[in-house]
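> Fold the following for me, if possible:
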Amino acid sequence: MTQRISGKTTICGIIGDPVEHTMSPAMHNAAFAETGLDWVYAAFHVKPDELKAAIEGMRALGIAGFNVTIPHKINVIPLLDRLDPPAEKIGAVNTVVNRGGVLTGYNTDASGFLRAMAERGIDPAGKNVVIIGAGGAARAVSFVLSESRANITIMNRASGMERVVTLAEAVAKSTGGNPGALELSEANLKQVLKKADILVNTTSVGMSPDCEQSPVPGEYLRPGLAVYDIVYNPVRTKLIRE
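Residues are numbered from 1 along each chain as shown. Just a heads-up that it's a prediction; the model follows:
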């Protein structure tokens, strides 16, 4: 059925850079159509230097809410009015709700990640987990895994090591865990994966259109290693296929 947009239609969407790959409009608009809601969901390409203006535009235009993806999950926080406690603790936001011009940030990455693990029968408690990346998604995954009593090691490229160390310190202070922080090199990756039970990619490596890239050489993977890739377009990334 063709969706009809009128002057009464409620608008929401997603902001990111890039954002062309996102499947969120298809998912949300299908849900709106199925439930009969007069809502529409759109993708907005927002560059980092345009983020402040975009947020004020969302507020002024009365956009009901929007999702936040790479690379804005951390930098959007100072531009919001309120934070849900989990989002404040994690230090990253992926969902913003506009209530009468008051913008409140939430984080559903953490709960969504745990739910996906549970659906596959994976309990992270006591497991050795390697997390690749140190952005907004990595923050959510790191906090929730440490709270679940997993032993985590966070890895990122050399140019982003300061962010990894800062994240590890924040996780340790908040959860009482003892996360490791390592440079993402082939030597380090090969070593930590020997003892890893779970591998989580929180970077955009392998995302459409660069579908033949992977953050991990295939030969480093082994039977018994659970692999979680936050990239969902394509659904089966090169990392997941290997």
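> C-alpha from now on. contacts and neighbour counts both.
OK.
> Identify the residues contacting the most centrally placed residue in the chain.
Nearest to the mean C-alpha position of the chain, by CA atoms, centre = their mean, lies residue 137 at 3.2 Å. Under the criterion of CA atoms under 8 Å, 6 or more residues apart in numbering, the neighbours of residue 137 are 73, 92, 109, 202.
> if I pick the second one, what's in contact with it?
For residue 92, the contact set (CA under 8 Å, 6+ apart) comprises 73-74, 77, 107, 136-137, 139-140.
> pLDDT wise, what is it at?
pLDDT, residue 92: 95.
> So it, which state does it fall into?
coil (DSSP: H, G, I helix; E, B strand; the rest coil).
> Report the buried residues of the helix ranked longest in the chain.
In the chain, with assignment by DSSP state H, the single longest helix is helix 161-175. By neighbour count on 16 or more other CA atoms under 10 Å, the buried set for helix 161-175 is 161, 164-165, 167-172, 175.
> Output those residues as a markdown table; include the columns pLDDT and distance to residue 100.
Below are the buried residues of helix 161-175 laid out as a markdown table (pLDDT from 0 to 100; distance: CA to CA, whole Å):
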| residue | pLDDT | distance to residue 100 |
| --- | --- | --- |
| 161 | 94 | 40 |
| 164 | 95 | 37 |
| 165 | 96 | 38 |
| 167 | 96 | 33 |
| 168 | 97 | 37 |
| 169 | 96 | 36 |
| 170 | 95 | 33 |
| 171 | 96 | 34 |
| 172 | 96 | 37 |
| 175 | 94 | 35 |
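> what about this structure, any weak spots by pLDDT?
1-3 (pLDDT under 70).
> At which residues are the strands of it located?
Ranges of strands in the chain, per DSSP state E, are 10-16, 39-45, 65-68, 82-83, 95-99, 102-106, 128-132, 151-156, 180-183, 198-201, 226-229.
> Can you tell me which of these is nearest to residue 214?
Set against residue 214 and scored by CA to CA, the strands of the chain come closest in strand 198-201, at 9.3 Å.
> Run through the neighbouring helices and strands of the closest one.
Under the contact criterion of 3 or more CA pairs under 8 Å, 6 or more residues apart in numbering; DSSP states H and E, strand 198-201 touches strand 128-132, strand 226-229.
> The shortest one: partners in the sheet, and parallel or antiparallel?
Okay, so that is strand 226-229. Strand 226-229 sits in its sheet next to strand 198-201 (parallel), going by DSSP bridges.
> follow-up on the earlier one: right, and the helices and strands packed on strand 198-201 - which one's nearest residue 41?
strand 226-229 (24.8 Å).
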